[in-house]
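Peer 1: Just the structure for this:
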Amino acid sequence: MSISIIHSLDDTEALLEWSEIETLLALFYDSNAGRPSYPLLALFRNSLLGVRMNPHLQGGV
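Peer 2: Residues are numbered from 1 along each chain as shown. This next block holds a predicted model:
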């Protein structure tokens, strides 16, 4: 992983208000149904990381 990618992830981290995003995600997910899941915010952040690290998607982000 290059240093520039790490710095761009730090910049993204500083720009987003994670508590507000978590509140929005909770509107679409019923955590009382089914088996316990991973925390929503962790799943969302991993999805963002996957988009950021995929060279085929970087041009469209």
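
Peer 1: Of all the helices and strands in the chain, which has the lowest average confidence?
Peer 2: Ranked by mean pLDDT, DSSP states H and E, the weakest helix or strand in the chain is helix 3-15, scoring a mean of 66.

Peer 1: ok, which stretches of the protein are helices?
Peer 2: Applying DSSP state H to the chain gives helices spanning 3-15, 18-26, 40-53.

Peer 1: For stretch 34-54, could you pull out the residues that count as buried?
Peer 2: 40, 45, 48 (16 or more other C-beta atoms under 10 Å). For every residue, glycine as well, the C-beta is placed using N, CA and C.

Peer 1: Tell me the pLDDT of the second one.
Peer 2: Same thing as residue 45. On the pLDDT scale, residue 45 is placed at 85.

Peer 1: residue contacts, it?
Peer 2: The neighbours of residue 45, taking C-beta atoms under 8 Å, 6 or more residues apart in numbering as the test, are residue 18.

Peer 1: sorry, back to before: dump the helices of the chain to CSV, plus distance to residue 32.
Peer 2: Listed next are these as CSV, based on distance: least, C-beta to C-beta, whole Å:
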stretch, distance to residue 32
helix 3-15, 30
helix 18-26, 11
helix 40-53, 13
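
Peer 1: Let me know the pLDDT of residue 56.
Peer 2: pLDDT, residue 56: 71.

Peer 1: number of nearby residues for it?
Peer 2: Neighbour count of residue 56, defined by other C-beta atoms under 10 Å: 7.
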